[in-house]
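J.: Sequence plus predicted model, see below.
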Amino acid sequence: MSQPRVPHREAPPITCDEPDSFPWQVFHERHPVLIRRILEAVPYGQAERQAFAALLRESRQDQVAPLSPEAPDFDLWQVWGKEQFGRSWQQQRFLWAESYFYRRLLQAGGYFADGGWRGVDLFAPFKHAELDAPAFTADLTALDHQHALAEGEREQSLLMTAVWGNLADLGFTIAGKGPEETGALAADESDRLWPLLDGGLVTVVADNSGRELLADLALVDHLLAGGRAGEVSLLLKPQPYYISDATPRDVLDCLDRMTAAAGAAAGIGGRLRQALRDDRLRMRTHPFACAPLGYRDMPADLREEFAASALTIMKGDLNYRRLADDRLWPPTTPFAEVTAYFPGPVAALRTVKSDVVTGLDAETAAELDAADPSWRVSGTHAVIQVATPRDRE
Ligand SMILES: O=P(O)(O)OC[C@@]1(O)O[C@H](CO)[C@@H](O)[C@@H]1O
């Protein structure tokens, strides 16, 4: 098999060992808050509470313990973690460590064990609260206004809502950041995105449930209803992950809320339910959706699926980190160069919430750094970036 192409000069990977860096804050500040919130929301017993505390301790000061051989995904992690187990968490790449932390969080909550907590989504209370929040209701109503817009304006508006919907990420709001304000686009290649949609298959790699998923589903409905896409494959997480990441259950919950609403939301929800019945919309999960690796290391079946898509839309910050292999690229490194291994056209719709940035022009990069050195993690900016195999020739 041919090796995926990598850029000429490889940038340094982001690691967890630098005090006060963004990864360090995630492990030392976000994770304790997350576990406290989980324990407030879910009445776990002693054994689970102790397991959460032990995981927090281990992930901040110890070595990475492997999974037990009884774990259903033991074999997968033997491959994904063979160089990481037994070394300290601080020495790991951020991408790997954070993903494994979420895997172990499920284990601490008894998700994989025989017993009462098996299969219980420990993030469900937060996800449900978001569906019941006034902001979600306002988003449902906002679909009426979008619906009334002229065609061209409507699709650009739906695209922008899907981009900024990515701020409604519970991992981000747990850190005290609000999803209310939208900022500016640091890169906007949306004019290159629309012509790629030729009525064929579009794959949407979803990110968060709740408000972001609502925006993504509205965009999917537009693609299907207007003939921009003949079919859509929605790639979801097979299990709870990164707090609010969408699983098939979350899609069904969101559709229920839409069809129970009035106006445009109900119409969209109804059409999408029908599209699921007709197989024009397919929900898909894959173990690699929760893998601690970049897309450069994707397995052959996923590679084939992306290759067969007229466009793959990657939602959110983590998918962007995975696309760019979670490295500190000079921000002017072309997005197409960093994603040269990708087997088909790809578009990233992402609010910038971590250190990885590519594809900016030099002037924009300099201005952003000068105006606010923390702009990469504050969610004040977003990017719409597109790369096609032709860009990579
Ligand atoms: O992928 P998403 O939902 O847009 O963002 C995930 C995220 O909240 O998690 C990481 C920190 O925990 C960051 O990369 C990013 O801010």
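T.: Nice, thanks for sending it over. Numbers count the residues shown, from 1 in each chain.
J.: going forward, measure contacts and count neighbours with C-alpha atoms only.
T.: Fine.
J.: ok, the closest residue in space to residue 183 that isn't next to it in sequence - contacts?
T.: Excluding its sequence neighbours, the residue lying closest to residue 183 (C-alpha to C-alpha, 6 or more residues apart in numbering) is residue 380, at 4.8 Å. Neighbouring residues of residue 380 by C-alpha atoms under 8 Å, 6 or more residues apart in numbering: 182, 183, 184, 351, 352.
J.: what do you get if the cut-off is 10 Å, keeping everything else the same?
T.: For residue 380, the contacting residues are 164, 167, 179, 181-186, 351-353, 374, by C-alpha atoms under 10 Å, 6 or more residues apart in numbering.
J.: do residue 233 as well
T.: Counting by C-alpha under 10 Å, 6+ apart, the residues that residue 233 touches are 201-206, 220, 279-285, 305, 309, 312.
J.: same question, residue 262
T.: Going by C-alpha under 10 Å, 6+ apart, residue 262 touches 140, 141, 144.
J.: follow-up on the earlier one: pull out the buried residues from the contacts of residue 380.
T.: Of the members of the contacts of residue 380, the ones counted as buried by neighbours, 16 or more other C-alpha atoms under 10 Å, are 164, 167, 179, 182, 185, 186, 351, 352, 353, 374.
J.: Which of the contacts of residue 262 are buried? Put it as a ChimeraX command.
T.: In ChimeraX, a selection of the buried entries from these looks like this (16+ other C-alpha under 10 Å):
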select :140,141
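J.: Which one of the contacts of residue 262 is nearest to the ligand?
T.: The nearest member of the contacts of residue 262 to the ligand, counting by C-alpha to the nearest ligand atom, is residue 140 at 20.6 Å.
J.: The closest one is in contact with residue 215, isn't it?
T.: Yes: Residue 140 lies in contact with residue 215 (C-alpha atoms under 10 Å); the separation is 9.2 Å.
J.: Poorly predicted segments of this protein, please.
T.: Flagging of the chain using pLDDT under 70 yields the residue ranges 1-9, 176-181.
J.: any idea which residue of it is furthest from its center?
T.: Distance from the centre of the chain peaks at residue 46, with 31.9 Å (C-alpha atoms, centre = their mean).
J.: so how far is stretch 370-378 from its chain's centroid?
T.: 21 Å (C-alpha atoms, centre = their mean, to the nearest Å).
J.: Identify the residues contacting it?
T.: Contacts of stretch 370-378 (C-alpha under 10 Å, 6+ apart): 22, 167, 172, 177-178, 351-357, 364, 367-369, 380-382.
J.: Wait, residue 123 touches residue 42, no?
T.: Yes: assessed by C-alpha under 10 Å, residue 123 is found in contact with residue 42 at 8.9 Å.
J.: just to revisit the earlier point, can you list the contacts of residue 262 in JSON lines and add distance to the ligand and secondary structure?
T.: Below are these laid out as JSON lines (distance: C-alpha to the nearest ligand atom, whole Å; DSSP: H, G, I helix; E, B strand; the rest coil):
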{"residue": "140", "distance to the ligand": "21", "secondary structure": "helix"}
{"residue": "141", "distance to the ligand": "24", "secondary structure": "helix"}
{"residue": "144", "distance to the ligand": "26", "secondary structure": "helix"}
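J.: Which one of the contacts of residue 262 is nearest to residue 133?
T.: Nearest to residue 133, judged by C-alpha to C-alpha, of the contacts of residue 262 is residue 140 at 11.2 Å.
J.: For the closest one, which non-adjacent residue is spatially closest?
T.: Closest residue to residue 140 apart from its sequence neighbours, by C-alpha to C-alpha, 6+ apart: residue 265 at 5.8 Å.
J.: Next, count neighbours for that neighbour.
T.: By other C-alpha atoms under 10 Å, 24 other residues sit near residue 265.
J.: tell me the secondary structure for it?
T.: helix (DSSP: H, G, I helix; E, B strand; the rest coil).
J.: Check residue 233 too.
T.: strand.
J.: those strands in this protein, which residues are they?
T.: 184-188, 201-205, 231-236, 281-285, 311-315, 346-351, 381-387 (DSSP state E).
J.: which ones are touching residue 345?
T.: 193, 196, 306-313, 336, 339, 386-391.
J.: Could you measure from it over to residue 29?
T.: Remark: distance between residue 345 and residue 29 (C-alpha to C-alpha, to the nearest Å) = 37 Å.
J.: From the buried ones among the contacts of residue 380, pick the one nearest the ligand.
T.: residue 353 (4.2 Å).
J.: before we move on, back to that, of all the contacts of residue 262, which comes closest to residue 93?
T.: residue 140 (38.8 Å).
J.: Count the residues that sit near whichever residue of the stretch 1-150 of the chain sits closest to the ligand.
T.: Closest residue of the stretch 1-150 of the chain to the ligand, C-alpha to the nearest ligand atom: residue 26 (5.7 Å). Look at residue 26: counted by other C-alpha under 10 Å, it has 18 neighbours.
J.: and what of residue 69?
T.: As a burial measure, residue 69 scores 10 neighbours (other C-alpha under 10 Å).
J.: What of the one 3 residues further on?
T.: Look at residue 72: counted by other C-alpha under 10 Å, it has 12 neighbours.
J.: List the contacts of the nearest residue to it once chain neighbours are set aside.
T.: What sits nearest to residue 72 in space, not counting adjacent residues and going by C-alpha to C-alpha, 6+ apart, is residue 112, at 7.5 Å. By C-alpha under 10 Å, 6+ apart, residue 112 lies in contact with 70, 71, 72, 73, 106, 118, 119, 120.
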